[in-house]
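Colleague: I'd like to go over a predicted model; first the sequence, then the structure.
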Amino acid sequence: MRDRPLADMLLHRRDPVTLGPEATVQEACRVMRAHRIGCVLVTDPEGRLLGIFTGRDAICRIGAECLPPARTRLADAMTPRPVTLQPGAGALEALRLMQDGGFRHLPVAEDGRVVGVVSRGDFRAMDHARLNEENGFWEMLR
């Protein structure tokens with residue numbers, strides 16, 4: 001089985017949902033609900049990635065602190081400077097990064113500009129099995 005490049009995975013997907021840093025958390029949550037997605041990428045007007053806002057951010061940063069979603073800007077609620085991969089990176093590398101980092105969404109960027117986003121759910125069971133096999137191998141070497 002060969003490792004698929006992320007660019008291949010992005011070919012069949014719609015453009016990533018983005019908002020500016022001045023958008024509110026409430027706007028982001030409504031967009032996420034409407035599109036049935038788990039994150040919004042926060043970008044500047046040129047499409048450069050500034051951060052990511054996820055459902056986990058809504059709960060842990062907004063809900064837990066009782067911040068008003070209608071008045072809280074994404075710039076104040078997002079995860080700034082998220083880990084990214086380039087489109088030529090492999091799917092297994094993406095899965096490994098998400099597993100090691102404890103996150104579910106990984107922006108794909110080229111020259112600092114967003115070209116897509118992948119989530120754990122985008123990967124087939126075979127890729128998960130291969131990653132588990134590889135992790136088992138590394139555990140044996142430790």
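Modeller: Okay, I see it.
Colleague: Pull the number of nearby residues for residue 134.
Modeller: Counted by other CB atoms under 10 Å, the residues lying close to residue 134 total 13. Quick note: C-beta positions are derived from backbone N, CA and C, even for glycine.
Colleague: what residue is smack in the middle of the chain?
Modeller: residue 105 (2.5 Å; CA atoms, centre = their mean).
Colleague: Let me see the contact set for that one.
Modeller: Residue 105 makes contact with 38-39, 52, 54, 98, 117-119, according to CB atoms under 8 Å, 6 or more residues apart in numbering.
Colleague: ok, those vs residue 4, which is closest?
Modeller: Minimum distance to residue 4 across the contacts of residue 105 is 10.7 Å, recorded for residue 118 (CB to CB).
Colleague: hang on, the closest one in a strand?
Modeller: Yes - the assignment for residue 118 (DSSP: H, G, I helix; E, B strand; the rest coil) places it in a strand.
Colleague: Do you have the strands of the chain handy? List them.
Modeller: For the chain, applying DSSP state E gives strands covering 18-19, 39-43, 49-54, 79-80, 105-110, 113-119.
Colleague: can I get the ones you listed in a markdown table with mean pLDDT and distance to residue 91?
Modeller: Shown next, in a markdown table, are the strands of the chain (pLDDT from 0 to 100; distance: least, CB to CB, whole Å):
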| stretch | mean pLDDT | distance to residue 91 |
| --- | --- | --- |
| strand 18-19 | 96 | 23 |
| strand 39-43 | 96 | 18 |
| strand 49-54 | 96 | 19 |
| strand 79-80 | 95 | 22 |
| strand 105-110 | 93 | 10 |
| strand 113-119 | 90 | 8 |
